[in-house]
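1. Below is the structure, and that's it, no one-letter string:
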């Protein structure tokens, strides 16, 4: 008797499951845009794509959008279904001629598939693609791609890092020159209309075309070399000066750069940067910097700027034969709060062509 009861319950459960499946599947009229399994019998579609599957766009600037269309034909005898598949990144999107992710192409007809890509800030070789799936049993999928080079609208060499161009060393008491290459991969004939520096009395720009050798080395068809002629009078030590380059390039009409380097002169600073580490804020601490004037000349040094609460004292080295040598003592008084001091000691001088000397200072004051 128990067996018959169990059998009856099983029959009822199976009937309920069948009803639910019928309602969810058999009774639904919704169309699902999912790739169909290619038919193995009857008339078959045949997908044909005109042209190369990868479009070579050449050179593009950053933050640009490009589009390319491909003609897709059905040269078979059955209906061809194409579906948008995955793309290689979020910056690349495929689009069918008809809205949605599926399109049916009748025998002998064709449609267009568009790929849109954004270069964003990517610099260098660029390659992206979109996958298209089909119900063609001989070609269940194909990829439509784009490839090329992406660069900034206007290139600067030496290459800036966060807008800062490292230009090396210049002289404080002799004329110097800083040379920068400025060119555009996608607009080699662009013009520089104006150059402004933060020290117009000391920096004079001279713009000349890139030589054939420069162009070959930089792989460009044009451009400019900006030669900055620097007069004596820069402060000795590290410097950061602003340079503004104005152009007729529509994507980069104004370029703001920071020139970073070191100005060297007749005074050697040893060490070039003063570091005092792990000091105890309860006690006194000091360190010395030697100032060595070229040729043993005498000089007058006055402190124009120093970190707050630090003491700076400069005296001549009174040792025999120490002409032109000076000792700068930097003292950290007791009670300085814990923390890091990053600053610069600026010394005024009476030496020709050397209005000032900059000595970077890094001090760490530990907790008591």
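-> The structure has been received and is ready for your questions. This is a predicted model, so every value here is computed, not measured.
2. so where do the helices sit in the protein?
-> Remark: helices assigned in the chain by DSSP state H are 2-21, 212-218.
3. Just give me the lowest mean pLDDT stretch among these.
-> For these, mean pLDDT drops lowest on helix 2-21, to a mean of 44.
4. in this structure, what secondary structure element scores lowest on mean pLDDT?
-> Using mean pLDDT, DSSP states H and E, helix 2-21 stands out as the lowest-scoring helix or strand of the chain, at a mean of 44.
5. Next one: residue 237 from residue 262, what distance?
-> Distance check for residue 237 against residue 262: by CB to CB, to the nearest Å, it reads 7 Å. The C-beta positions use only the backbone N, C-alpha and C, and glycine is treated the same way.
6. Comparing those two, which shows the higher neighbour count?
-> In this view residue 237 and residue 262 are compared by other CB atoms under 10 Å, and residue 237 has more residues nearby, 23 against 16.
7. Just give the closest residue to that one, not the sequence neighbours.
-> residue 358 (3.0 Å; CB to CB, 6 or more residues apart in numbering).
8. what sits opposite residue 329 in the beta ladder?
-> According to DSSP bridges, the residues that bridge with residue 329 are residue 288, residue 313.
9. can I assume it is in contact with residue 312?
-> Yes - when contacts are counted by CB atoms under 8 Å, residue 329 is listed as touching residue 312 (7.4 Å).
10. Same drill for these two, tell me which one is more crowded.
-> Counted by other CB under 10 Å, residue 329 and residue 312 do not tie: residue 312 has more neighbours, with 18 against 13.
11. Let me know whether that one touches residue 332 as I believe.
-> No - between residue 312 and residue 332 there is no contact under CB under 8 Å: 11.0 Å.
12. The residue nearest to residue 237 touches residue 238, doesn't it?
-> Yes - the pair residue 358 / residue 238 is scored as a contact, 6.0 Å apart, by CB under 8 Å.
13. Common neighbours of those two, please.
-> By CB atoms under 8 Å, 6 or more residues apart in numbering, residue 358 and residue 238 have these common neighbours: residue 344.
14. Contacts only, for the most centrally placed residue in the chain.
-> Among the residues of the chain, the one closest to the centroid is residue 121, at 6.5 Å (CA atoms, centre = their mean). With contact set as CB under 8 Å, 6+ apart, residue 121 has these partners: 62-63.
15. So which of residue 358 and residue 238 has more stuff around it?
-> Neighbour count, other CB under 10 Å: between residue 358 and residue 238, residue 358 has more, with 20 against 15.
16. What distance do you get for the more buried one to residue 274?
-> Taking CB to CB, one finds residue 358 at 11 Å from residue 274.
17. Residue 316 too?
-> According to CB to CB, residue 316 and residue 274 sit 19 Å apart.
18. neighbour count winner among those two?
-> Taking other CB under 10 Å, residue 316 and residue 274 do not tie; residue 274 has more neighbours (20 against 15).
19. Got the domain ranges for the protein?
-> 47-151, 155-264, 267-366 (automatic domain parsing).
20. who wins for proximity to residue 41 among the ones you listed?
-> Of all these, it is domain 47-151 that lies closest to residue 41, at 10.2 Å by CB to CB.
21. Quote the end-to-end distance of that closest one.
-> 36 Å (CA to CA, to the nearest Å).
22. May I have the beta-bridge partners of the residue nearest to residue 67 when sequence neighbours are not counted?
-> Distances taken as CB to CB, 6+ apart put residue 116 closest to residue 67, at 4.9 Å, once the chain neighbours are dropped. Going by DSSP bridges, residue 116 is paired in beta bridges with residue 67, residue 93.
23. What count of nearby residues applies to residue 116?
-> Neighbour tally, residue 116, other CB under 10 Å: 16.
24. ok, now residue 115?
-> 23.
25. you'd agree it is up against residue 54?
-> No - with contact defined as CB under 8 Å, residue 115 does not count as touching residue 54 (10.3 Å).
26. hey, what's in contact with both of these two?
-> Shared contacts of residue 115 and residue 54, counting by CB under 8 Å, 6+ apart, come down to 129, 144-146.
27. Let me know the closest of the residues you listed to residue 195.
-> residue 146 (36.2 Å).
28. quick one: buried residues of stretch 132-145?
-> Within stretch 132-145, the residues scored as buried using 16 or more other CB atoms under 10 Å are 132-136, 139, 142, 144-145.
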